[in-house]
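Engineer: Can you look at this prediction? I've put the sequence above it.
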Amino acid sequence: MSSREKTALLEDGGPAVSYTNGGAAPSAGTSRRSTMRSEAPAEPQLSSIIHLLARASPGMRESDAEDTDSADGASVPVRVPTLPFVGGTRAYVEQLRADNTPKKCGQGTSFFPNDQLRRVDYVLVWTKDDNCSAQQIKQRRTYEAWLRRHRLQMVDCVSTSDINTHFVLLHAPDELIMKKAEEMHVKVTVKEYEREDDHFSRKIFGMCNKDPLKCGIEERTMHVANPFTRQLLAQGRYGKVQNGTNMQKFFTGSQRARIVHQILTETQFGDEPSDVGIDQLIESGSYTASYPLHEGSHKPPEDWSRNDDDLSPRQLLHEYWSRWSCWYKYQPLDHIKEYFGVHIAIYFAWLGFYTAWLLPAAIIGFVVFFAGALLTLSDQELNEVCHGDKLMCALCAENASSKCQPYSINTTCTLYRVGFIFDNGGTVFFAVFMALWATLFLEFWKRQTAMLSYRWNTMDFESAEEPIRAKYALKATEKRKNPITDVLEPHMPEAKRYPRYLTGFSILLAMVGMIAISIVAVMVYRTFSIKLLGPGLGTTAASVSSSVLQVVIIIILSKIYGMLAVKLTEWENHRTETAYQDNLTLKRFLFEFANYYSSIFY
C-alpha cells in the first residue's frame, strides 16, 4: 500500500469521518451506499418513550406504544421497550429530550448537549425521502428504541450540506462498555514493561547514534493483557485507571468501536427472531450506512512544538507513517494496532515484511538480467544466428500461394537475442534461488507472526473467548453448555453442517469445471480465428482477442463465485467470526487460484 493509500486511510478511513468537539460535522458524502432506498422523514417522537420512562419500574420489560408520525400520516405501530428506572428521572427525561431533538451537526460545543465527556462511538445514517415505506420507518424506530433499552445514548443531527440526511450519533456509557467488554472477553493491559528493539537495522547501524530506518515513534513497551473483568478493575489491577473513573481513555478507539458494533449486531428491530442486526437494516434501506469516527483531525495543531505528547494517535500516525518521507522506514505497528485494530495492523505487518523480503530477490533478479544481457555479446550460438547466412525452409500456410520463399537465419536475430537474455545459464541459478527464497520467506513469516501474536496478546484469539456470531445464535437449533465457561450457549450440531459443507464443495468443483470449459472454449476460438484470418496479422489479432476474452471470463467468474462464496459461508452458519472468515477465505482462495492461473495452461 502506498503512502497515498495510507493517508487516505487516516484522512477518510473508508466511510469514517473526522470528529472533534465543536468541529465540522460529517457530511452526507460519507455514506457508504448512496443509491439505497431512502428513509422516514423525521425522528420518532419521544412522547411514548418518556411517558413509559416516567412510569417504568425495574420489573417492567417492554410495552406497546404507537407513533403516528409516518411518511404519509398513517399510523405506524412501534413496539417500544421501556427503559429501566434511574435516579433523577426528570433530569434524565430532559437529557433524552435534548439529545434526540434533531439539530445541525456540529451545533454547540459538543455533539452531546451540555456534556464534554461523551464521545461519539458510532454513527448511523438515514435519509429523509417521500418514497420510504412504513416498514422502514417502523424498523428504524424499533431499532433505536431497543438501542436506548441497551443504554446507548444517541443524538439525531441533520447534515449541514443536505437537510435530508440524518446522522444518529451513538455514545456508549462507561458501565455499558465495561459490561460488554467483560462479555466479549476484550483483552486489556495488566502490566507494561520495556522490550528491546528487534529491528534488523539495529545490528547494521548499531555503531551509529541514529538508525536511519527507524520510525520516529518509540515502540519499546511490551503489554501483558488479560480479558477485562470488573472485579479486577475494582481490585485496582489495571494500574492506569481505577473503578469509577472515566473509561473513555482506558479502552482504545478500535475496542470501543468493536464493542458498540457488537451491540448493533445483536439488537432486534422486528418481531421475528431473525430481525436483528444493523447489516439487515442497511440492506433493507432503513439506514444507508453505519461506521465509527476518527479521533480528531489528522493534522497537527498549528502551535505544535514537535512534542509527540501533544498529538493524538491519529496525528502521530499521519506524522510518522502515512507520509512519502517515511516510505523507507519501519512501520509503527503497535500504534497502528492500537488505533485501527489487529486486523489492519497484521495486514500492514505482512505488507512491510513482504516488501522487505522482495529486496534481495529483486537484486539477484537484476544481476541475472544484466548478466544475460552481457552474455549476448560473447555467446557463440547467438553470434552464429545473428551473423550467419544459412537459409531456412519456408513456413507456408496450407492455403498460401506458391510464392513461399526460404528465409535467412539472421532475420531471427532480434527475437533470439531477447529470448537469450531471459533464458540462459543464470536463470537456472535464479530459479533455484527463488525456490529457497519462497521457503525461507514462509518460515520467517511464521516466526514474525508468532512474535506479533505474543506481543499483541492474540496467541489464543480463536479460543472460546471469542463471542458467538449473532447470526449463528439466530440459526442455531439447540443449546448446550460451553465446556470451558459452563454457560448455556446456542449450538448447531456438526452433523447438520456436514451436508452444507458437501454442497459448498460440490459448487466449488462445478465452478472449477466452468473454468476448464472456458479455457477449452478460448482455445477453440483462437484456433478457428487463425484459420479464418490466416497467418501474420490474423494470428496476432486472434491471440489478442482471445487474451481479452479470457480476462473478461476470469473477471465474470470471480464476481459470480464471490457472491456464491458469501452465501454458502452464511448458510454453513459458523460459530465465530474467525471461523466464518477462515472458511470464506479458503473458498475464495481455492477458486481464485484455479481461476487466475488457468490462463497459464492455455
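Structural biologist: Looks like it arrived, so ask away.

Engineer: Show me where the stretch 101-250 of the chain dips below the pLDDT cut-off.
Structural biologist: In the predicted model, the stretch 101-250 of the chain carries pLDDT under 70 at residues 101-117, 192-216, 218-223, 239-248.

Engineer: Please enumerate the strands of it.
Structural biologist: 103-104, 122-127, 153-158, 165-171, 187-194, 221-227 (DSSP state E, counting those that start in this stretch).

Engineer: Can you add mean neighbour count and distance to Q315 and give the ones you listed back as JSON lines?
Structural biologist: C-betas here are computed from N, CA, C, even on glycine. Putting these into JSON lines (neighbours: other C-beta atoms under 10 Å; distance: least, C-beta to C-beta, whole Å) gives the following:
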{"stretch": "strand 103-104", "mean neighbour count": "14", "distance to Q315": "27"}
{"stretch": "strand 122-127", "mean neighbour count": "25", "distance to Q315": "21"}
{"stretch": "strand 153-158", "mean neighbour count": "21", "distance to Q315": "25"}
{"stretch": "strand 165-171", "mean neighbour count": "24", "distance to Q315": "22"}
{"stretch": "strand 187-194", "mean neighbour count": "14", "distance to Q315": "22"}
{"stretch": "strand 221-227", "mean neighbour count": "14", "distance to Q315": "19"}
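
Engineer: Quick one, which of these gets closest to A371.
Structural biologist: strand 221-227 (46.1 Å; C-beta to C-beta).

Engineer: Confirm P490 sits in a strand?
Structural biologist: Yes: counting by DSSP: H, G, I helix; E, B strand; the rest coil, P490 falls inside a strand.

Engineer: Could you double-check that it lies in contact with Y472?
Structural biologist: Yes: contact criterion C-beta atoms under 8 Å: P490 and Y472 qualify, at 6.6 Å.

Engineer: could you redo the strands of the stretch 101-250 of the chain as CSV and give each row distance to E478?
Structural biologist: Output for the strands of the stretch 101-250 of the chain, formatted as CSV (distance: least, C-beta to C-beta, whole Å):
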stretch, distance to E478
strand 103-104, 48
strand 122-127, 33
strand 153-158, 36
strand 165-171, 34
strand 187-194, 30
strand 221-227, 26
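
Engineer: For P490 and Y472, indicate the residue with more neighbours.
Structural biologist: Y472 (20 against 16; other C-beta atoms under 10 Å).

Engineer: Which helix or which strand is home to the more buried one?
Structural biologist: Using DSSP states H and E, Y472 sits within helix 470-475.

Engineer: quick one: average pLDDT of the helix or strand that that helix is followed by?
Structural biologist: Next along the chain after helix 470-475, taking DSSP H and E as the criterion, comes strand 478-481. Computed over strand 478-481, the mean pLDDT rounds to 82.

Engineer: Could you check how many residues crowd around the spatially closest residue to D310 that is not a sequence neighbour?
Structural biologist: When the adjacent residues along the chain are set aside, D310 lies closest to W304, with 6.0 Å between them (C-beta to C-beta, 6 or more residues apart in numbering). Applying other C-beta under 10 Å, we find 13 residues neighbouring W304.

Engineer: Surely W304 touches S312?
Structural biologist: No: at 11.3 Å, W304 does not count as touching S312 under the criterion of C-beta under 8 Å.

Engineer: residues of stretch 448-459 that come out buried?
Structural biologist: Neighbour-count burial for stretch 448-459 flags 448, 452, 455-458 (criterion: 16 or more other C-beta atoms under 10 Å).

Engineer: which two of those residues lie the greatest distance from each other?
Structural biologist: Every pair of those checked by C-beta to C-beta; the farthest is Q448 and N457, at 16.2 Å.

Engineer: ok, the residue nearest to D310 to Q315 distance?
Structural biologist: 9 Å (C-beta to C-beta, to the nearest Å).

Engineer: packing partners for the lengthiest helix in the chain?
Structural biologist: When the chain is parsed with DSSP state H, its longest helix is helix 494-533. Other helices and strands packing on helix 494-533, by 3 or more C-beta pairs under 8 Å, 6 or more residues apart in numbering; DSSP states H and E, are helix 537-572, helix 577-596, helix 598-601.

Engineer: do you know which of the ones you listed lies nearest R148?
Structural biologist: The nearest among the helices and strands packed on helix 494-533, by C-beta to C-beta, is helix 577-596 at 26.2 Å.

Engineer: Can you check what angle separates that closest one from helix 494-533?
Structural biologist: 20 degrees (axes from the mean of the first three to the mean of the last three C-alpha atoms, to 10 degrees).

Engineer: Low-confidence regions, the protein specifically.
Structural biologist: Applying pLDDT under 70 to the chain picks out residues 1-117, 192-216, 218-223, 239-248, 274, 394-404, 460-467, 485, 535-536, 601-602.

Engineer: what's the closest of the strands of the stretch 101-250 of the chain to F528?
Structural biologist: Nearest of these (C-beta to C-beta): strand 122-127, 52.8 Å.

Engineer: so what strands line up beside that closest one?
Structural biologist: strand 165-171 (antiparallel), strand 289-291 (antiparallel) (DSSP bridges).

Engineer: what's the distance between the residue lying closest to N424 once chain neighbours are set aside and S161?
Structural biologist: Counting by C-beta to C-beta, 6+ apart, G372 is the residue found nearest to N424 once chain neighbours are left out, at 4.7 Å. According to C-beta to C-beta, G372 stands 59 Å off from S161.

Engineer: Which one's more surrounded, those two?
Structural biologist: G372 (19 against 12).

Engineer: Report the contact partners of that one.
Structural biologist: Contacts for G372 (C-beta atoms under 8 Å, 6 or more residues apart in numbering) come out as 420-422, 424, 426-427.

Engineer: can you rerun that using 10 Å?
Structural biologist: Applying C-beta atoms under 10 Å, 6 or more residues apart in numbering, one finds that G372 lies in contact with 379, 420-427, 430.

Engineer: Restricted to strands, list those residues.
Structural biologist: Judged by DSSP state E, the contacts of G372 include no members of strands.

Engineer: Nearest to E182, out of those: which one, please.
Structural biologist: F430 (55.4 Å).

Engineer: okay, now that closest one: neighbour count?
Structural biologist: Neighbour count of F430, defined by other C-beta under 10 Å: 19.

Engineer: quick one, what contacts the nearest residue to V512 once chain neighbours are set aside?
Structural biologist: Excluding its sequence neighbours, the residue lying closest to V512 (C-beta to C-beta, 6+ apart) is A594, at 5.0 Å. Residues in contact with A594 (C-beta under 10 Å, 6+ apart) are 508, 511-513, 515-516, 557, 561.

Engineer: before we move on, what about L584?
Structural biologist: Per C-beta under 10 Å, 6+ apart, neighbours of L584: 562, 565-566, 568-570, 572, 574.

Engineer: So it versus V385, what's the distance?
Structural biologist: In this view, L584 and V385 are 53 Å apart by C-beta to C-beta.

Engineer: Ok, Q235 next?
Structural biologist: 84 Å.

Engineer: could you pull out the helices for the stretch 201-350 of the chain?
Structural biologist: Under the criterion DSSP state H, counting those that start in this stretch, helices of the stretch 201-350 of the chain are mapped to 201-204, 230-234, 253-266, 278-284, 313-320, 333-340, 342-375.

Engineer: quick revisit: nearest to V367, out of the strands of the stretch 101-250 of the chain?
Structural biologist: strand 221-227 (40.2 Å).

Engineer: Go ahead and confirm R151 touches V260.
Structural biologist: No: contact criterion C-beta atoms under 10 Å: R151 and V260 do not qualify, at 11.6 Å.

Engineer: list residues touching both of the two?
Structural biologist: Residues touching both R151 and V260 comprise 172, 176, with contact defined as C-beta under 10 Å, 6+ apart.

Engineer: Give me the nearest residue to T539, chain neighbours excluded.
Structural biologist: T539's closest residue in space is I530 (C-beta to C-beta, 6+ apart), at 5.4 Å.

Engineer: burial count for the one you found?
Structural biologist: 18.

Engineer: any idea how far it lies from L590?
Structural biologist: For I530, the distance to L590 equals 34 Å [C-beta to C-beta].
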